[in-house]
Each structure stands twice: as C-alpha cells, then as structure tokens.
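Visitor: Kindly return the folded structure for what I paste below:
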Amino acid sequence: HQVREDAGALILNWDAVEELFPEGLLDDMFDSYCGFLRRLADDENAWQETWHETARKLVPMRQLEQRAAVNDTEAPITDDLLHTLFAEQVPQRRQQAAVISADRNLTYEELYRCANRIGRWLRDNGAERNTLVAVVMEKGWEQVAGVLGVLASGAAYLPIDAGLPKDRLWHLLQHGEVQFVLTQPQFDKTLEWPETIKRLTIDDSSLSGLDDQPLDPVQTPEDLAYVIYTSGSTGL
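Guide: Down below sits the predicted model:
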C-alpha cells in the first residue's frame with residue numbers, strides 16, 4: 001500500500017500478485033477502500049458510524065445485487081405436508097426402495113403401509129395434533145416408519161436417543177408432556193419407562209393386526225411437525 005501527497009491531493013495505490021486472487025476481487029476491495037476514504041474526508045458522520053453500518057456500505061453494489069437475487073426466495077408456500085408428499089410418491093414407486101438399512105429394506109408401499117398402521121394405532125389411542133409422540137430408538141428402518149406414522153396420526157414427533165441416561169430420558173418425556181412412545185423391541189424390554197406412558201414397539205408382530213389403510217390428515221401446515229431438544233450452552 002503506497003501513499004503520498006501530490007499538490008494537496010492524496011495519491012494511493014496497491015501492489016499485489018493478482019494471480020493469487022479471484023478475478024475482480026482486488027478491484028472490488030480497492031474501490032471499496034477508496035470509497036471509504038472519500039466518505040471519511042467528506043462526511044463527518046462517517047467517523048461516528050458503528051462497524052456494522054460502515055461494513056454494509058463497503059460492499060460493492062453489484063455484490064449487493066447478487067446477494068439480493070440469491071436470497072430472493074419469495075414463492076408460494078404449499079399446503080402439502082411431509083407425509084402427504086411421501087404418500088403422493090407411493091403409486092409411482094410402489095416397489096422401489098424407500099429405506100435401505102442394515103437390518104431391513106422397505107419399498108415405498110411397505111413403508112407406507114407400515115406408517116399407516118402406526119398412525120392408526122396412535123390415533124385410535126388418542127394421539128392428537130400439536131402433541132408430541134416420542135420416537136425412542138437407535139438408527140434404523142423403524143425410525144423412518146415411526147416418524148411418518150406419527151405425522152400420519154396428526155401428532156408431532158420427538159426424536160430421543162435410546163442411549164440417553166434414564167434421568168435425561170424421563171426429563172424429556174415429562175417436559176414434552178409425552179403420552180405415547182414408539183420404540184424398538186430391545187429398548188422396550190431393557191429401558192425403564194414411566195407408568196403413564198403408552199408404548200408401541202415397531203416390529204412385524206406388533207403391527208401385523210393393525211389397519212394399513214390411509215388416514216385423512218387432521219393437521220395443517222401451521223401445526224407442530226416435530227420438536228428437537230438440544231443441550232445448548234445451558235445443558236438443557
């Protein structure tokens with residue numbers, strides 16, 4: 001950065017290895033720098049601005065226009081729901097793989113019927129929209145079927161890691177006002193559960209006698225779809 005005074009004028013220029021920089025970057029930086037110096041020379045208020053106010057004015061206009069274009073996401077918002085969008089795909093992909101896991105693969109039709117059975121059980125047992133159904137599992141096909149089943153019932157899902165300590169698990173169930181839990185057979189037997197919780201284990205035997213016909217949606221896009229607890233800085 002070279003600076004000198006010539007006949008009362010401030011003369012400045014930058015020397016750089018231009019090949020080290022993306023095309024146009026140095027020009028944009030230098031133009032912004034010069035514009036900032038002019039503002040400091042001509043506008044007393046420029047010296048009182050916060051950094052955030054100044055930074056916005058340093059960005060070249062064409063970059064601001066590009067940013068505005070990229071962030072222009074104005075578009076109609078659909079009333080479709082996650083599980084209804086999935087249901088629309090089933091007739092077109094009945095025998096295609098929808099879930100591939102270490103234990104089991106499910107086609108679109110198999111997953112759809114499984115989710116409908118789970119949703120039917122939850123709705124018949126009193127699950128309602130804007131209430132949470134806990135999905136206490138390790139990763140597997142049962143998770144996908146469980147989540148879609150909760151949405152099919154009209155409720156919202158609360159994913160919980162089955163490996164959490166008992167106190168943490170019970171806190172989440174209590175704080176989420178959970179009445180229903182979907183889990184896998186191994187955890188249904190080995191974990192301790194509050195007496196007030198109704199549980200459905202996701203496997204062939206527990207689902208075999210349930211109706212797999214579609215359920216009409218009872219929720220809207222404004223209703224809860226899910227809640228995820230994160231520890232954050234507080235641990236809660």
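
Visitor: for residue 144, phi and psi?
Guide: Per-residue torsions, residue 144: phi -60, psi -50 (degrees, to the nearest 10).

Visitor: That one: what's it in contact with?
Guide: By CB atoms under 8 Å, 6 or more residues apart in numbering, residue 144 lies in contact with 98-99, 106, 111. C-beta: built from backbone N, CA, C; applies to glycine.

Visitor: Can you list which of the residues you listed are found in helices?
Guide: residue 111 (DSSP state H).

Visitor: can you count the residues close to the residue lying closest to residue 197 once chain neighbours are set aside?
Guide: Nearest non-adjacent residue to residue 197, counting by CB to CB, 6 or more residues apart in numbering: residue 181, 5.3 Å away. Neighbours of residue 181 under the rule other CB atoms under 10 Å: 25.

Visitor: Could you do residue 53 as well?
Guide: If you count neighbours by other CB under 10 Å, residue 53 ends up with 11.

Visitor: what's the spacing between it and residue 47?
Guide: Separation of residue 53 from residue 47 (CB to CB, to the nearest Å) stands at 12 Å.

Visitor: for residue 144, same thing?
Guide: Distance from residue 144 to residue 47, counting by CB to CB: 59 Å.

Visitor: can you check residue 209 too?
Guide: 77 Å.

Visitor: Also residue 22?
Guide: Relative to residue 47, residue 22 is positioned 32 Å away (CB to CB).

Visitor: would you list the contacts of residue 144 in CSV and tack on distance to residue 138 and neighbour count?
Guide: Below are the contacts of residue 144 laid out as CSV (distance: CB to CB, whole Å; neighbours: other CB atoms under 10 Å):
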residue, distance to residue 138, neighbour count
98, 19, 23
99, 15, 18
106, 17, 19
111, 18, 21
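
Visitor: Go through the contacts of residue 144 and name the one nearest residue 215.
Guide: Top of the list for closeness to residue 215, among those and by CB to CB, is residue 111 at 15.0 Å.

Visitor: so the closest one touches residue 145, yeah?
Guide: Yes - the pair residue 111 / residue 145 is scored as a contact, 6.0 Å apart, by CB atoms under 8 Å.

Visitor: what sits in contact with each of those two?
Guide: The contact sets of residue 111 and residue 145 overlap at residue 99 (CB under 8 Å, 6+ apart).

Visitor: burial measure for the closest residue to residue 1 other than its chain neighbours, as a count.
Guide: Nearest residue to residue 1, sequence neighbours excluded (CB to CB, 6+ apart): residue 14, at 5.7 Å. Neighbourhood size, residue 14 [other CB under 10 Å]: 10.

Visitor: I'd say residue 14 and residue 25 touch.
Guide: No - contact between residue 14 and residue 25 fails when scored by CB under 8 Å: they sit 11.9 Å apart.

Visitor: before we move on, back to that, any idea of the pLDDT on the residue nearest to residue 1?
Guide: Residue 14 carries a pLDDT score of 94 in this model.

Visitor: Could you do residue 120 as well?
Guide: pLDDT recorded at residue 120 is 96.

Visitor: Nearest residue to it in space, ignoring adjacent ones along the chain?
Guide: Nearest residue to residue 120 in three dimensions, chain neighbours excluded: residue 211, at 5.0 Å (CB to CB, 6+ apart).

Visitor: ok, now residue 157?
Guide: With CB to CB, 6+ apart as the criterion, residue 157 has its nearest non-adjacent residue at 4.1 Å, and that residue is residue 150.

Visitor: Centre of the chain to the strand or helix carrying the one you found, how far?
Guide: According to DSSP states H and E, residue 150 maps onto helix 141-153. Computed by CA atoms, centre = their mean, to the nearest Å, the separation of helix 141-153 from the middle of its chain amounts to 17 Å.
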